[in-house]
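Asks: Can you look at this prediction? I've put the sequence above it.
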Amino acid sequence: MAGLSLYFEDGHDDLDDFGFDDYGTECDGIRITAFLDAGQDNLTPLGRLEKYAFSENVFNRQIVARGLLDVLREFSDNENDFLTVMETVARMSEDGEPTVRAELMEQVPNIAMFLHERRPNFPAAFSRYLVPIVVRYLTDPNNQVRKTSQAALLVLLEQGLISKNDVESKVCPVLLDLTTPNSDDDYKIEAVAIMCKLVSMLTKDTVEHLLLHRFCDLCSDGRLFQVRKVCAANFGDFCSIVGQDATEKHLIAKFFELCSDSVWGIRKACAECFMTVSNSTCPEVRRTKLSPLFISLISDPSRWVRQAAFQSLGRFISTFANPAGAGLYFKEDKCTPAGRSEIPVEGFTCREQDKNRCESGNCKGAPTAGSEAAQITPSNCTEERGAQPASPAPCKAEEQRCLPAASENSNNSAEASPESSEDTYNSFNYWRPPLPDISQDLELLQPQDKGERESVWSCEGPATRREIQKALESLQPHMDDPDVQAQVQVLSAALKAAQLDAHSEEELPEASQDSCGTTQQQQEQQEQQEQQEQHETPLLASPSDGADPSDSEAPPDSNVGVEPPVKKPPLDYDPYDNRMMPQLIENAQELHREQDPDLLFEEETSKLQNVIPQQLLDQYLSMTDPARAQTVDTEIAKHCAFSLPGVALTLGRQNWHCLKDTYETLATDVQWKVRRTLAFSIHELAVILGEQLTAADLLPIFNGFLKDLDEVRIGVLKHLYDFLKLLHADKRREYLFQLQEFMVTDNSRNWRFRYELAEQLILIVELYSHNDIYDYLRQIALTLCSDKVSEVRWISYRLVVEILRKFYMNGANDLGLNFLNELIMRFCHCPKWVGRQAFAFICQAVVEEDCMPMGQFAQHLLPSLIALSADPVANVRVLVAKALRQTVLEKAYFKDAGCPHQETVEETVIALQTDRDRDVRFFASLDPSASTEDTAALI
């Protein structure tokens, strides 16, 4: 505060002999508390403070308010004087001039921090004097004062300077009064904004007890849309604080109201916070309530709402993620495979707790959100089989060996548990042709009473076809909407399948057709009998079943491949009612699946899954449609690419077939920003998919990124080590030839690209053998050590150290010696002083990191380093002096009296201490324990 430059006008106050009139406009800076100095008025400092704090001159009062912190420091030693100052501050807060009150309020956070540090001496000063001022200014008639007090209040809360008791007894009551229905509109809008920001700094109990019910009332404010908009923008924060129970009990209903508000800005705010709200609900509410609500936002008439909804779509889908189903979990911002405690079960591996859960008869379609038990995934099958000593068989043989094991497990309930659709899924069905012939297994799984089932088909089929036809007709006038086009495609496929099935119905025996006339009671008896048969004979599960994996009330056999048909009433279809579409499509798909079990695999490849609602996935996949870029957002493909790893983690590797085509489309997008986004996340996707799917589906895309623009290549390069370590050793070795290509960039001035390459090579050294490193990485390291940019050279010296460490740790002394000789020839004898200086740097790094035996260093590198002590360039001798004095002589090997090189090193250091250059003498004489500045500036 003492350095502020103040400018004054003449004649402010004739009575101020030693006040602010002593300083004219030419004064560059003054001490604000100068008015406390002794003067002709013979007043004490406190009396002088009183005089200027209540002066008739507004300017004087402003200066006192601005210098309050310095005033408090002046009187902090005496408690009585300090309390007198605080009383003066309290009286100043009632000043009639708004600028004085605003100046005073700006100093409150600084004063609060000072009091916080002095709290042992003045424990209640802040709560007694300043908190009431902040609270009172929240209702000040001047807008500037109110804004200043709001900002001060938030700073105090962020720093934790206001006690919980003050918040509950002084702050919250004022906010509640300002948000009553009868309060002023401006005050209410500002108070709502403060309350929403305040909630993240309070405890759950305080928010739920004091603010929750008022917040719910404000969400339904019918007079001010600004209030509802602020509530919508901060809805997620409230849900996160109050937790799942209060969210589902009080807030979800209000959220539905806000999502259907007539103001598009409010609906847009709801779409932006949808993920946070979803995280605060249980899986059942998320699937049954929030998913249809989100679909309505995606189909909103406002383009801005649709844009926000599509941007949040991937994040909302990620809230369905279940570590047990995906086999992965996040720990410290990294995607990590779940812990594996597994036992082999005929070609598959199953976790111990999964087996116990299934054997006890509690096997569900999918685990609950909090479960840590992982499902059987294709990676479990392939990785465990790959670990066996037997040589890998051809793809077809593996498929035939893998699938029958699943069938046998599902048929033998006494020895192995009935497993869910995720358990029996394996990726060979989708990316490894040809498909195995399992028709004989399916015939064994068919129910014995085929007549009863056919009779139900013949009754239900025509009704379903009529519903589909009616839906298609109602959608025709709205074909311009991309959402409607997607619905038409799904319904057309279902209608075609239903029409093909109609031919088989005509060939049914008359006895089967007569069964349509049975009574409702007879049909129920048939269904119960079929359900009992299915419990007795577990069937092959299908991942395309419509069972809700998160529904804890589902029966144990809810994921059985062939389910008993349930008669559904005819649908009165409305093209704008999004809730009708899932039921209609489910009817058609269920009928189609029951009539032709051979189409199970064809249906699975049509992007069906049971992890998330199918409509959410369909909308996400449509984000690559060019029509979306025209009607929604030109950046929609980038948002799709950004959230794709989260969606892939949610679906799990067993449902990668749903995203494969979309990922390939994004990888070839004309916008380099889209490809760049994928390049930065391809290593995370590789963790999710596992080794085999990565090799089959990601490697071609990865290879394309390597040849792309530098803006795309940098994304691959930044995580090159993370990606390569996930590949099989043979596949990984193929990229040794391509590492050299990273040395070539579109712009030679892009030195950060080469710097990143050096950082990645330091990590990559551990992935390859010493022979491969000598053949491929050695030349890259030497080239980088000669780079024009010093930052690249310095990081490259570390790469040289890691290469030498690899050689000597693996006993490849001959390769290490060859590399050392090459370093000597290339750098120690370099005609440019920068190269000779680089050699000194390398020697110092080698000794500091202990990457090779000191005997080898003394024999091969030390003589060349000592020779550089006579170099004509001072910058080279400086680095030699620093390396010898502070690094080499500090090693135990050279301190040993029996070391043959000790005397030579000490003589060289003594000679450098008498060097003609001052910097050389300084580093040669400097104690190694003394802290020195970085010598990089000497280069």
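Replies: Received, thanks.

Asks: For my notes, confirm residue 183 occurs in a helix.
Replies: No: counting by DSSP: H, G, I helix; E, B strand; the rest coil, residue 183 is not part of a helix but coil.

Asks: which residues does it contact?
Replies: 177, 191 (Cβ atoms under 8 Å, 6 or more residues apart in numbering). Bear in mind the C-beta positions are built from the backbone N, C-alpha and C, glycine included.

Asks: what residue ranges in the chain score low on pLDDT?
Replies: Counting by pLDDT under 70, the chain contains low-confidence residues at 1-43, 119-123, 324-465, 478, 480-487, 489-490, 493-494, 496-607, 930-939.

Asks: Could you pull out the helices in the stretch 51-200 of the chain for me?
Replies: Assigned by DSSP state H, counting those that start in this stretch, the helices in the stretch 51-200 of the chain fall at 58-66, 68-74, 79-92, 98-117, 125, 131-137, 143-158, 164-166, 172-178, 185-198.

Asks: Any idea which of the ones you listed gets closest to residue 901?
Replies: helix 98-117 (56.7 Å; Cβ to Cβ).

Asks: Check which residues of that closest one are buried.
Replies: Buried residues in helix 98-117, defined by neighbour count with 16 or more other Cβ atoms under 10 Å: 99-109, 111-115.

Asks: Identify, from the residues you listed, the entry nearest to residue 283.
Replies: Nearest member of the buried residues of helix 98-117 to residue 283, counting by Cβ to Cβ, is residue 109, at 43.4 Å.

Asks: For residue 139, see how far away the closest residue to residue 97 other than its chain neighbours is.
Replies: Closest residue to residue 97 apart from its sequence neighbours, by Cβ to Cβ, 6 or more residues apart in numbering: residue 58 at 5.2 Å. Look at residue 58 and residue 139: by Cβ to Cβ, to the nearest Å, they are 23 Å apart.

Asks: Neighbour count for the two, which is higher?
Replies: Between residue 58 and residue 139, residue 139 has the larger neighbour count (other Cβ atoms under 10 Å), namely 17 against 14.

Asks: Could you pull up the residues touching the residue nearest to residue 921 when sequence neighbours are not counted?
Replies: Of all residues not flanking residue 921 in the chain, residue 915 sits nearest, at 5.3 Å (Cβ to Cβ, 6+ apart). Taking Cβ under 8 Å, 6+ apart as the criterion, residue 915 is in contact with 877, 881, 921, 924.

Asks: In the residues you listed, find the pair that's most separated.
Replies: Taking Cβ to Cβ, no two of the contacts of residue 915 sit farther apart than 877 and 921, at 9.9 Å.

Asks: intersection of neighbour lists for these two?
Replies: Residues touching both residue 877 and residue 921 (Cβ under 8 Å, 6+ apart): 912, 915.

Asks: Compare those two (neighbour count), which wins?
Replies: Using other Cβ under 10 Å, the more surrounded residue of residue 877 and residue 921 is residue 877, with 26 against 17.

Asks: mind checking how far that one is from residue 890?
Replies: For residue 877, the distance to residue 890 - Cβ to Cβ - is 19 Å.

Asks: got it, and residue 207?
Replies: Distance from residue 207 to residue 890, by Cβ to Cβ: 59 Å.

Asks: and if you look at residue 881?
Replies: Distance from residue 881 to residue 890, by Cβ to Cβ: 14 Å.

Asks: Neighbour count: the two, which is higher?
Replies: residue 881 (27 against 14).

Asks: from memory the more buried one sits against residue 912, does it?
Replies: Yes: counting by Cβ atoms under 8 Å, residue 881 does reach residue 912; the two are 4.4 Å apart.

Asks: any common contacting residues for those two?
Replies: Shared contacts of residue 881 and residue 912 (Cβ under 8 Å, 6+ apart): 869, 920, 923, 924.

Asks: As JSON lines, those residues with distance to residue 676 and secondary structure would be great.
Replies: Shown next, in JSON lines, are those (distance: Cβ to Cβ, whole Å; DSSP: H, G, I helix; E, B strand; the rest coil):
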{"residue": "869", "distance to residue 676": "49", "secondary structure": "helix"}
{"residue": "920", "distance to residue 676": "48", "secondary structure": "helix"}
{"residue": "923", "distance to residue 676": "45", "secondary structure": "helix"}
{"residue": "924", "distance to residue 676": "50", "secondary structure": "helix"}
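
Asks: Tell me which two of those sit farthest apart.
Replies: 869 and 923 (11.8 Å).
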